[in-house]
Structure formats: C-alpha cells, structure tokens
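Enquirer: structure, please.
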Amino acid sequence: MKKHGKKYVDAQKKAPKEAVSLEEAVAFVKANAGAKFDESVDVSFKLGVDIKKSDQTVRGTVRLPNGTGKNVRVIVFAAGQHADEAKAAGADEVGYEDLIEKVKGGWTDFDVAIATADAMKEVRKVARVLGPRGLMPNPKTGTVTDDTAAAVKAAKGGKIDFRMDRGGNVCALCGKRSFEAAKLIENIRAIIEAIKAERPAAVKGAFIRTMTVSSTMGVGIPVIVKDESK
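Expert: Modelled structure (predicted):
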C-alpha cells in the first residue's frame with residue numbers, strides 16, 4: 001500500500017467527508033496542494049453506464065476556455081504540404097515513415113498524435129503502441145484531418161480528449177493549481193457540458209453518478225453532482 005506524506009495526511013484529515021459544491025472543492029484543492037511544483041488539477045467522473053455494452057462508451061473532446069496550463073507536445077504524421085503546415089503551426093515533431101518507425105520502437109514522449117487521412121493506413125501499424133496509451137489518432141477527436149495546422153493549434157491551445165475507461169470512469173485535466181479558482185471552475189464546467197453532450201441514448205437514470213476534483217499529489221474532494229448532471 002502506498003504510504004502518503006505528512007502534507008497529504010494532514011490534508012486528508014481536513015478534507016470534507018461529504019460532497020461539497022464545486023466552488024468549495026476547488027478552493028480546498030488549491031489551498032491544500034502540498035507539492036513544491038505547480039500541480040495539475042484533474043476532475044474525475046463515475047458514469048452511470050453499462051460498461052458491458054459498446055453503445056454506451058463515452059469519448060469526446062473539449063476546448064478548455066482557459067487552457068490547460070500544460071506545454072502540450074504534439075506530433076503529426078504527414079507528408080508534403082500538410083507536413084509543412086503542421087511545422088509552421090508549432091508541431092513538436094512532424095514526419096511520416098520515419099516517425100512511424102520511431103514510434104514503432106517504443107517512443108511515446110508526446111501528448112497528442114495527429115495524422116492525415118492518407119497517413120492513417122501506415123499509422124495503424126503502430127496502433128499497439130499508441131492505442132493503450134490513448135494516443136491513437138481518431139476522426140472523432142479531430143486528430144485525423146488534413147487541416148493539420150488547425151489541429152495542432154487546437155491541441156496546443158487547450159483542446160483535450162476524454163475517454164471512459166473499462167470501469168465507466170472519465171478523468172480529465174482541467175488546469176493547474178496556480179490558475180485562479182474562477183478559471184478552474186470555468187474549465188470544469190466546460191468538461192461537464194462536453195461529457196453530458198456525449199451521453200449515450202441508451203443510458204437510463206443519472207448519467208454523472210459521482211464527481212471528484214483533485215491535484216496531482218493531493219486528496220480527492222467529492223463534488224455535489226445533482227445540479228451538474230441534469
């Protein structure tokens with residue numbers, strides 16, 4: 001069992017035992033993130049879906065109004081003009097067969113992978129590397145596109161992907177501890193709306209069952225979801 005440090009244990013003792021408002025949760029997380037670095041802040045959801053049914057999978061994208069506060073590393077699988085446009089837009093690495101070979105060797109030091117439609121037939125060869133890490137380009141998330149410049153700018157500018165895991169949970173980055181509370185709350189509300197927009201038609205009853213806000217090294221604070229999941 002993981003042994004937590006004194007700051008975590010102290011924060012755990014002070015943490016509310018019942019779910020609180022989003023404003024209270026964010027305030028607690030900001031005040032009690034004890035690491036020396038600027039911790040990321042995440043929001044996690046437990047969804048009321050039947051995880052055994054493929055038509056109840058939840059996945060999508062959202063552009064955070066205040067960005068993520070993170071330096072997002074973007075690679076693009078493309079050739080020719082599309083590759084030049086991706087480089088000009090600020091992609092960290094651009095290539096085609098050479099980049100595919102690099103990834104095939106196990107390199108995954110990036111946050112977002114984008115590919116043109118033509119490149120996808122070759123990119124699928126590294127699906128076993130990218131897929132388990134959630135890095136496989138996908139048309140639904142806008143990462144399979146010939147408008148590579150727009151995709152790079154979106155990824156760099158605060159666009160995030162979210163996807164449900166095998167347990168029916170979704171976790172998304174919503175900013176940094178150093179963000180003003182109002183900006184974190186605005187980002188979280190944007191994530192909530194994006195998840196609600198992906199609600200499968202077959203889901204009955206409450207869709208967002210639980211919601212928790214936490215920092216990288218901090219305690220998770222449960223949030224009242226009655227008003228958030230309508």
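Enquirer: any idea how far D50 is from I100?
Expert: Distance, I100 to D50, by Cβ to Cβ, to the nearest Å: 36 Å. Where C-beta positions appear, they are placed from N, C-alpha and C, glycine not excepted.
Enquirer: out of the two, which sits in the more crowded spot?
Expert: The neighbour comparison of I100 against D50 (other Cβ atoms under 10 Å) goes to I100, with 19 against 13.
Enquirer: so where is this structure shaky, pLDDT-wise?
Expert: Counting by pLDDT under 70, the chain contains low-confidence residues at 1-4, 227-230.
Enquirer: isn't A113 right up against F77?
Expert: Yes - contact criterion Cβ atoms under 8 Å: A113 and F77 qualify, at 7.0 Å.
Enquirer: check the contact lists of those two and give me the overlap.
Expert: V123, P137 (Cβ atoms under 8 Å, 6 or more residues apart in numbering).
Enquirer: now the helices for this structure?
Expert: Under the criterion DSSP state H, the chain carries helices at the ranges 6-14, 22-32, 80-89, 97-104, 120-123, 127-130, 148-156, 181-197.
Enquirer: could you identify which of those is most buried?
Expert: helix 148-156 (a mean of 22; mean count of other Cβ atoms under 10 Å).
Enquirer: and R166, how many neighbours?
Expert: 6.
Enquirer: residue contacts, it?
Expert: I51.
Enquirer: out of the helices of the chain, nearest to M164?
Expert: helix 181-197 (9.2 Å; Cβ to Cβ).
Enquirer: residue closest to the middle of this protein?
Expert: A centroid search over the chain (Cα atoms, centre = their mean) returns A172, at 3.9 Å, as the residue closest to the centre.
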